[in-house]
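Asks: Got a predicted structure here, sequence first:
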Protein chains: 2
Amino acid sequence: MGTLRVGMVGLGVVGGGVAKILQESAAELARRSGRRLELTRVAVRDPAKSRDIALPAGIVTDDLAKVVEGDACDVVIELMGGTTTARDVVLRALANGKSVVTANKALLATHGAELFAAARQAGQTIAFEAAVAGGVPIIANLSQCLTANRIESLTAILNGTCNFILSKMHAEGVPYSDVIAEAQRLGYAEADPAMDVDGTDTVQKLTILAQLAFGAVADWATVPRGGIDTLDLADVRFAQQRGYTIKLLGVAQSTPTGVQLRVGPTLVKNERQLAQVGGAFNAVRVTADAVGELLYYGPGAGRMPTASAVVADLVDTAVGRARLTFDTLGLWDASAPGPAIASPADAIGRYYLRVIGDDQPGVLAQIAGCLAAQGISIASFLQHEPLTDGKLVPLIITTHDTTEGAAARACDKIAALESVQGKPVRLRIAD
Amino acid sequence: MGTLRVGMVGLGVVGGGVAKILQESAAELARRSGRRLELTRVAVRDPAKSRDIALPAGIVTDDLAKVVEGDACDVVIELMGGTTTARDVVLRALANGKSVVTANKALLATHGAELFAAARQAGQTIAFEAAVAGGVPIIANLSQCLTANRIESLTAILNGTCNFILSKMHAEGVPYSDVIAEAQRLGYAEADPAMDVDGTDTVQKLTILAQLAFGAVADWATVPRGGIDTLDLADVRFAQQRGYTIKLLGVAQSTPTGVQLRVGPTLVKNERQLAQVGGAFNAVRVTADAVGELLYYGPGAGRMPTASAVVADLVDTAVGRARLTFDTLGLWDASAPGPAIASPADAIGRYYLRVIGDDQPGVLAQIAGCLAAQGISIASFLQHEPLTDGKLVPLIITTHDTTEGAAARACDKIAALESVQGKPVRLRIAD
C-alpha cells in the first residue's frame, strides 16, 4: 500500500479539523483510499502559536515553499482563504506537479478559469467539494451523480450565517442589527461579516454551482445580488402574515436566453422545504429533466463538516476518482464555452412590494397605475393600519409573474410619486 | 473517442427510461463519459410487444445470451427484477467479462456476497445506484462523498408506495384498505403490493445501505420488520393528536454491540424533516461523526428518476470511477468481515402503545404494573372516551427509553390481562 503525502496551507478552524480526521480515522481512510494519507507539511503564518491539534515535530513550517515546492507533498490542501496568496499557492503547487484540494469559493469564483487551465497544463487536478455548502456534498452530486440529467434549476441556501440570522429574525421578531451582534458573540458570524450578509459569499458559491450544473461561466460581480443586511423586520413580519418565510436564496435557472442567476432575500411559502431550513444549515434544491426534484440538506459551515468535505476530496484524489472527474468534466474550459448568462432584466418571477404612502385618497390608484403601465398584474394587495404618526400607511403588494426589468421600472416610477415616501421595498417570491 | 457498448435485460418502465436518456442525451453523455454510450442489445421476453420507445432494428432480442455472452456488449444493465434469472444474468455477464449495472435491490440483498465475489473474480464491477431510493443518489453519497466520516445512523423512508399511502391516511383520514385501492388505480402501487407494504422492500434496501455505511452483512429476512398493511387508522389519528406523523422508517444504527437494524411504522415528530416527506418521495437522513447530519430527499421510484440513477452508474462505469470505487470499497467481502448485527432485543428506544381495556377500575393499574415490572417508565398516558359500545376504552401510552425486549415482554403480559382486549399496538417513536 502506497502513501499519499499531503501538504496543507492553513491550520485554522477547518485545517485543524482536517488534521484531526487524518489522525483519528487513519486506518479507515487508508482502506477507503487504497493508500495511506499522511500529513507531511503544514504551512502556517506563526508556527509558535498554540493550537488544539498536536502534529508530529517538523511538519509545521512558516515556509510556504516547503509545501508547494520540493517533494515533501503529492497533494496540497489550500485552506488559507483570500484570492491573492491563495492563487499563488495553488498555481505554484500545480506547477510543481501537485494536485490541489481547496475550500476557497472566492478563489474559484474569481480565478477559476485561470486555475483550471493551469491544472490541465500541469496534468494535475483541483478538487473543491468544501468550497460550496460545507458538509453537503453538492459538488460531487452535480459532477457525478446527476450526469444523466439536464439540470433545470438550482435554488439554494448557501450561507449559514445569513440563515442563522434570518431564522432568529423570524422566530424572535428582532431586527437584523440585534441578531448580527448575537451571531458574532456565538461564533456564527465573523467579526467582519460583510461578505456573508451582503450576499457576496452566496453569489460566489452560486457561480461555482452554475459552472458545474450548466457549464456557464459567470462573473460573480455582475450577478444581481441582495443581502440580508438591509432587510427590514417589517418585511419579515408581513411575509410571515402571508404564509411566507424570507430566505437568502441563490437561484440559477436554465432559460431560453441563457442561465439566469440571482441572489437575494426571497419569500418562500412556509410549506416548502427550503422555508423550513433553520439555523446555520444549508440546502440545495435541484430540478432536472430525468430525476425531477432533489433536495440536499446539511451543515454549510463549521470545522468538522467542512473538513469532512476536504477529506472526501483527498480520498477521491488518492483513489484516482478526482482525476477521472476532472478530465471528463472540463470545468472552466475556454475551449468549450457554455451557455450564455441571461440578462437579469429578463428574469421572470413574482414580487413582494412594500410601499410607504401618505394616508390620503388616490395613492393606491397612483401606485396601481405605475404597475399597470409596466404590464404588471397585482396578485394581492393589503393596506395596513397607519404607522404610529398616523400620516403614513404601509401598502403590501404581491404581483403575478413579470420581468425583473418591468418590476424595477415600476418601482422607480412609484418612488418618484409625491405621495410615496422613499423607495419601495422589492423582494422576489419563490413559488 | 471510444464507445461503451451497452446491453440491457428488460425494457419495461425503467428500461424504457434508460433507452430514452441514452437516445436524447447522447451528446452530453458522451462528453461526460469521455466515450459514446451505445445501446447495442436489449433482451426482452416478447420482442413483438408494442413499446413507447423506438430502438434501431436488430437491437431487441429474446435471446439473453446475445446480451450476457458474445462480444456485442461491454456492460450489462440488469432490469428484469427477481432473484433467480436475474442472478443468472448477472453471473453470466460477469463471467463473460462484462461489468454490471443493476437496479435490483432484492437481488443484492439476497445474493450480494456471491455476486460481488464473482465480480472480483472476473475483474469486473457491479454498480447499483438505482437499487435504493430511486433517483436519490444515496449509494454514491455513502460510497464516495462521506468517506471522511464514521456513519452513526441512517434513518430512511425508502418505499414511495408506502409513503404515498401513509400520506393519504394522514391527510384524508381514510383507512389503509381504501388507500391501497386508490394507489393501485393511480399506479403508485403494484397489482401485488405485498413486498412494498409489508416492509420487505424497505428491509432489503436498508441492508444494502448498512453494507455501504457500516460494512455490515445482514440477512434481510432476520431484520425486525413491520409493514403498513396492518396499521390501524386509529393509531394515525392518535399520533396526529400528539404531534406525530407515522412513517415507514428503515433505521440502521451503530451501537456498542453492533449494527441495529429495523423497519416499521414509526412515530416521527411533525417538526422533523422526515415527517414532512409527502407522497411517493423518499428521504435518507444520515448522521456521521464529522459532517453531523445530512438529509437527502427525492423521488424514490418512477421511470425517469430510476433511469437517472442507472445512467449515472453507466457513466461512472464508462469513466472508470465505478472500477475505482468497486476496488477500494470491497463490498460484501468475506475476507474483511464487518461489524456484528446487534440483537434486536437490545435496541433502545421509545414506544407508543395502544391498549384496549375494559372501562372499569383497576385496568390502568394492571397495565402500569406490567410496564413497571419490565423497568419501563411511562412518558405520557391518555385515556380516551369509551368506544361506541361504551364498555371498552383505548389507552394511549408513550414510554421513555427502554429496550425492544422489555417492551415486547411487557406487551405480552398486558395482552394476557383479563381486562385487556387483544394485543396492544406497539410502534416505535423516533425522537
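Replies: Received, thanks.
Asks: May I ask which helix or strand encompasses the most far-flung residue of chain A relative to its centre?
Replies: Distance from the C-alpha centroid of chain A peaks at A:Pro361, with 44.7 Å (C-alpha atoms, centre = their mean). For A:Pro361, there is no host helix or strand (DSSP states H and E).
Asks: Indicate whether stretch A:272-281 makes contact with chain B.
Replies: Yes - for stretch A:272-281, a contact with chain B is found by C-beta under 8 Å from any C-beta of the partner chain, at A:273, A:276. Quick note: C-beta positions are derived from backbone N, CA and C, even for glycine.
Asks: For that stretch, list every residue counted as buried.
Replies: Across stretch A:272-281, burial judged by 16 or more other C-beta atoms under 10 Å in any protein chain shown covers A:272-277, A:280-281.
Asks: Helices of the stretch 251-400 of chain A, residue ranges please.
Replies: Secondary structure of the stretch 251-400 of chain A (DSSP state H, counting those that start in this stretch): helices located at A:303-319, A:321-329, A:363-373.
Asks: Looking at those helices, which is nearest to chain B?
Replies: helix A:303-319 (3.4 Å; C-beta to the nearest C-beta).
Asks: would a markdown table of the helices of the stretch 251-400 of chain A with mean pLDDT, distance to chain B and mean neighbour count be doable?
Replies: Below are those laid out as a markdown table (pLDDT from 0 to 100; distance: least, C-beta to the nearest C-beta, whole Å; neighbours: other C-beta atoms under 10 Å in any protein chain shown):
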| stretch | mean pLDDT | distance to chain B | mean neighbour count |
| --- | --- | --- | --- |
| helix A:303-319 | 97 | 3 | 28 |
| helix A:321-329 | 95 | 5 | 22 |
| helix A:363-373 | 95 | 35 | 16 |
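Asks: With distance to B:Leu395 added, can I get those in a markdown table?
Replies: What follows is these, written out as a markdown table (distance: least, C-beta to C-beta, whole Å):
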| stretch | distance to B:Leu395 |
| --- | --- |
| helix A:303-319 | 44 |
| helix A:321-329 | 56 |
| helix A:363-373 | 59 |
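Asks: can you tell me which of the ones you listed comes nearest to B:Ala72?
Replies: Judged by C-beta to C-beta, the one of these that comes nearest to B:Ala72 is helix A:321-329, at 25.0 Å.
Asks: hang on, the earlier thing: can you flag which of the buried residues of stretch A:272-281 belong to strands?
Replies: A:Phe281 (DSSP state E).
Asks: Now the two most distant members of the buried residues of stretch A:272-281.
Replies: A:Arg272 and A:Ala280 (19.3 Å).
Asks: Can you report how many residues neighbour A:Phe164?
Replies: 24 (other C-beta atoms under 10 Å in any protein chain shown).
Asks: is it true that it touches A:Ala183?
Replies: Yes - at 5.8 Å, A:Phe164 counts as touching A:Ala183 under the criterion of C-beta atoms under 8 Å.
Asks: Find the residues that touch each one of the two.
Replies: Here A:Phe164 and A:Ala183 have A:Ala189 as joint contacts, going by C-beta atoms under 8 Å, 6 or more residues apart in numbering or on different chains.
Asks: I'd like the domain boundaries of chain A, if you could list them.
Replies: A:2-134+A:305-329, A:138-299, A:347-430 (automatic domain parsing).
Asks: Adding distance to B:Ala345, write those out as JSON lines.
Replies: Formatted as JSON lines, the domains of chain A follow (distance: least, C-beta to C-beta, whole Å):
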{"stretch": "domain A:2-134+A:305-329", "distance to B:Ala345": "29"}
{"stretch": "domain A:138-299", "distance to B:Ala345": "33"}
{"stretch": "domain A:347-430", "distance to B:Ala345": "48"}
